[in-house]
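[1] With the sequence up front, the predicted model follows.
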Amino acid sequence: MKIILENIGKHFNREWVFRNINQTLLSNESYAILGANGSGKSTLLQLIASNLSPSIGKISYVSAGETSVDPATIFKQISLVAPYLELIEEFSLEELIHFHFQFKKYLSGWGAEAVVELLKLKNASSRALKYFSSGMKQRVKLALAFCSDTPILLLDEPTTNLDNQGFDWYLSLVEQLALHRLTVVCSNQEQEYQFCKHHILLDGYKDKSE
């Protein structure tokens, strides 16, 4: 999978968040979107996910077979973790896993029991998620994304609400399940993106003109 950003920019009302970004994102590579608060990191990630449309420019998606992928269907190829994406808290963990994997395929060799085991939440698998701590909920978000068979993995502040043990768990997920994908991380914490080979620095794009 390949994602091509051509002169893209985004504004809300009359204020530019950024503009004239050119970047090609490739399979088996990892990218960190970096910048100060308000620089548009989450906005750029939502553009990449096709949840938003650019104000200017074009985003293209190209499959491994070099065929164009319709942006309206790219969500099938993406796993996204972000603070603004909520879990269905009335579901139990078992119910949520079943629901999620009606829309995504499991990675080869994975299944519901393996996901619960990965989370180390077997004793809580029948409990409603509304009773989970914020750290447990973040682990669930990450596990669902990493265990889905998608070529694109998008992570916005992936260690939010995780303690030190949870952070180490996140890094083990990256090493085990992310390095063969096109992975993009939005973060201001170096530890979250330390594995990323490429950095996209948004500072300076806000006022950049043609």
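    Cool, the structure landed. This one's a predicted model, so the numbers in the text were calculated from it and none came from an experiment. Numbering: from 1, shown residues only.
[2] What sits closest to Ile4 if chain neighbours are left out?
    Ser60 (4.4 Å; C-beta to C-beta, 6 or more residues apart in numbering). Every residue, glycine included, has its C-beta placed from N, CA and C.
[3] One more: Asn7?
    In space, Asn7 is closest to Gly57, 4.1 Å off (C-beta to C-beta, 6+ apart).
[4] Pull the residues that contact the helix or strand hosting the one you found.
    Element membership for Gly57 (DSSP states H and E) is strand 56-62. With contacts defined as C-beta atoms under 8 Å, 6 or more residues apart in numbering, strand 56-62 is touched by 1-9, 19-21, 47-48, 50, 68-71, 74, 77.
[5] just the buried members of those?
    Burial by neighbour count, 16 or more other C-beta atoms under 10 Å: within the contacts of strand 56-62 this picks out 1-3, 5, 8-9, 19, 21, 47-48, 50, 69, 74, 77.
[6] centre of the chain versus stretch 175-194, how much separation?
    On the basis of C-alpha atoms, centre = their mean, to the nearest Å, stretch 175-194 sits 9 Å off its chain's mean C-alpha point.
[7] Then stretch 133-147?
    On C-alpha atoms, centre = their mean, the centre of stretch 133-147 falls 12 Å from that of its chain.
[8] can you pull the buried residues of that stretch?
    136-147.
[9] Then stretch 81-93?
    81-82, 87, 91, 93.
[10] per-residue confidence averaged over stretch 93-112?
    Stretch 93-112 shows a mean pLDDT of 96.
[11] Need the distance between the two termini of it.
    End-to-end span of stretch 93-112 (C-alpha to C-alpha, to the nearest Å): 10 Å.
[12] what does that stretch rub up against?
    79, 87-88, 91, 115-116, 119, 121, 124-127, 129, 132, 140, 144, 146-150, 177.
[13] Please spell out which residues along that stretch are buried.
    Those would be 93-94, 96-97, 100-101, 104, 106-107, 110, 112, for stretch 93-112 by 16+ other C-beta under 10 Å.
[14] Also stretch 156-169?
    156-160, 162, 166, 169.
[15] again with stretch 123-131
    Buried-residue list, stretch 123-131, by 16+ other C-beta under 10 Å: 124-125, 129.
[16] what's next to it, contact-wise?
    Taking C-beta under 8 Å, 6+ apart as the rule, stretch 123-131 contacts 87-94, 96, 116, 132, 136-137, 140.
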